[in-house]
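In: predicted model and sequence follow; I will ask about them next.
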Amino acid sequence: MKEDFDDIFHDEEYSELVNRYEEMLKNNTRYFFDVFEFESIIDYYIDSNKANNALNAVKYAAQQHPYSLNIQLKEAQVLVDKGNAIQALQVIERIERIESSNCDVYLLKGSTLNVMGRYSEAERAFDTAVIYSYDDKVEVIHSIAQSFEQIGRYKTALKYLHEAYKMDSKNIMLLYDIGYCYEKLGQINKSIEYYKQYLDKEPFSENAWYNLGILYNKSDRFPEAIDAYEFALAINPEFSVGYFNLANAFSNNEDFHKAILNYKEYLKFDGRSVEILTYIGDCYESLKEFDLAIKYYDEALQEDDYFADAFFGKANVMFRLEKFEMALTLIEKAVIIDDINAEYYFLLGNVFNELNKDKEALEAFKKANDLDPEELDFIFSLSEAYTKVNQVDAAIELLTEALKDNPSNALVYYRLSGCFFLIKNDKKAIEAFKNGLNINPKAYLEIIIFYPEAIENSSINKLLNKYHFD
């Protein structure tokens, strides 16, 4: 309670001070403010993102206190905020020549050099700041780390954070920041480790539980993600985004009923969100409750009749119900709205396949592959489409290229083998089939997608007897 009272008192005093300063400007009079008061006024404008007001306050302060190094430091800080880093550095270096053992000077110098992209020099300035910090050394090092965090230099930030944590292992905010930096660097396991250490000491932080849930989700550890999000919501039931992420985790874990419940809970906070209505439709589709899926896709489209994912979802349902003409109408609407979504073109190609429109299917699969050339489903469907229009060489070229990124994928070899048989190149067909067997003999039937006659081929049967039936 005491801290809250002190904050309120300070805010009221702050406000009164700024009001008195602004009254002076309005009445074009002169009031005296001591250095500390001017610093508070300038800080108020900095915190309020009013850099021009802050610079004017600096000018008034400099008139009353022309020799104050603190006011000059504030001037440099404001210049940095206004994007005048070079001018700010000139001010800082002038102060540095006068007061060469002031920690604050080197902290500001380091921040300014960071803004200028002179990172090595910034580190040297910050290291000097640490030398001249005394009682607040850990706090200073932590602020340096945060300066590097703000510009995305997380490795450097970690160096300082670990240094600070060695000095003060009870400072849990250091653990939080360490976890955050490892997350940004993509070192998910290390990030989880430090967030868990933080939560051991501060178990009622919904933000830390939420971040931990995100990390588990990224690692496909969905049950643990669910637990983390549920802890966050137990601490704060009004933590709305927690319901959204919890629903996603349940969906990823294929627990669609619970996903739906949490998406609906999120809707209580977010209102009629087209995205959430579509996600609910997706869940019902996964449960094969197609009527309910269509209901939610339609509700989404009532909110926004230009929402491509809802058209796509509804088209998927119609495809699964074998209502191909309706599916075509819907997926074509989705493609018109969003013509750079590979999944849309993939579904469009499959619909054309069912309607026996081979050339149209080929073009749709080409588009899907162009947009996402690494997706094997797209590669396989496009290769099949090529063979249907007698472009087997194109299919071979596509599958051969796919092997560069998937050298251990037996399915690519089996399909390639089928294509070689189609062009009567038995030698290469047998070689590709043998490669497939060496990787995964149980998947050999993939060859019949392109070449059903393979089952009666004596060379194939000889290989099957050797590799598959041992």
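Out: Great, that's in hand. Numbering: from 1, shown residues only.
In: may I see the buried residues of the strand or helix carrying residue 330?
Out: Element membership for residue 330 (DSSP states H and E) is helix 324-337. Using 16 or more other CB atoms under 10 Å as the test for burial, helix 324-337 gives 324, 326-328, 330-331, 333-335, 337. Every residue, glycine included, has its C-beta placed from N, CA and C.
In: put together JSON lines for these, with distance to residue 168 and pLDDT on each row.
Out: Shown next, in JSON lines, are these (distance: CB to CB, whole Å; pLDDT from 0 to 100):
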{"residue": "324", "distance to residue 168": "66", "pLDDT": "98"}
{"residue": "326", "distance to residue 168": "65", "pLDDT": "98"}
{"residue": "327", "distance to residue 168": "62", "pLDDT": "98"}
{"residue": "328", "distance to residue 168": "65", "pLDDT": "98"}
{"residue": "330", "distance to residue 168": "60", "pLDDT": "98"}
{"residue": "331", "distance to residue 168": "59", "pLDDT": "98"}
{"residue": "333", "distance to residue 168": "59", "pLDDT": "97"}
{"residue": "334", "distance to residue 168": "55", "pLDDT": "98"}
{"residue": "335", "distance to residue 168": "57", "pLDDT": "97"}
{"residue": "337", "distance to residue 168": "54", "pLDDT": "97"}
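In: nearest to residue 23 among these?
Out: Nearest to residue 23 out of those is residue 337 (CB to CB; 55.8 Å).
In: nearest residue to that closest one other than its sequence neighbours?
Out: Spatial nearest neighbour of residue 337, excluding adjacent residues (CB to CB, 6 or more residues apart in numbering): residue 308 at 4.0 Å.
In: okay, now the one you found: neighbour count?
Out: 19 (other CB atoms under 10 Å).
In: let me see the contact set for it.
Out: 333-334, 337-338, 341, 344 (CB atoms under 8 Å, 6 or more residues apart in numbering).
In: roughly how far apart are it and residue 298?
Out: 15 Å (CB to CB, to the nearest Å).
In: ok, and what's touching the strand or helix carrying residue 141?
Out: Assessed by DSSP H and E, residue 141 sits inside helix 137-150. By CB under 8 Å, 6+ apart, the list of residues contacting helix 137-150 from outside reads 103, 107, 110-111, 114, 122, 126, 129-130, 133, 154, 156-161, 163-164, 167-168, 171, 173-174, 177, 180-181.
In: which SS class is residue 49?
Out: coil (DSSP: H, G, I helix; E, B strand; the rest coil).
In: element containing residue 228?
Out: Taking DSSP H and E as the definition, residue 228 sits inside helix 222-235.
In: what does that helix contact?
Out: Contacts of helix 222-235 (CB under 8 Å, 6+ apart): 204-207, 209-210, 212-214, 216-217, 239, 242-243, 245-246, 249-250, 252-253.
In: same check, this time on stretch 202-220
Out: By CB under 8 Å, 6+ apart, stretch 202-220 touches 172, 176, 179-180, 183, 188-189, 191-192, 195-196, 198-199, 222, 224-226, 228-229, 231-233, 235-236, 239, 241-242, 245-246, 248-249, 252.
In: would you put the C-alpha positions of that stretch in CSV?
Out: As requested, the backbone C-alpha atoms of stretch 202-220 are provided in CSV (Å, rounded to 0.1, in the frame of the first residue of the first chain):
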residue,chain,number,x,y,z
GLU,A,202,7.0,-16.1,-9.4
PRO,A,203,4.3,-18.7,-10.0
PHE,A,204,1.5,-16.1,-10.4
SER,A,205,2.7,-14.4,-13.5
GLU,A,206,0.1,-14.9,-16.2
ASN,A,207,2.4,-13.3,-18.8
ALA,A,208,5.2,-15.8,-18.1
TRP,A,209,2.8,-18.8,-18.2
TYR,A,210,1.4,-17.4,-21.5
ASN,A,211,4.9,-17.0,-23.0
LEU,A,212,5.7,-20.5,-21.9
GLY,A,213,2.6,-21.8,-23.6
ILE,A,214,3.7,-20.1,-26.8
LEU,A,215,7.1,-21.8,-26.6
TYR,A,216,5.6,-25.3,-26.0
ASN,A,217,3.2,-24.7,-28.9
LYS,A,218,6.2,-23.8,-31.1
SER,A,219,7.8,-27.1,-30.0
ASP,A,220,4.6,-29.1,-30.9
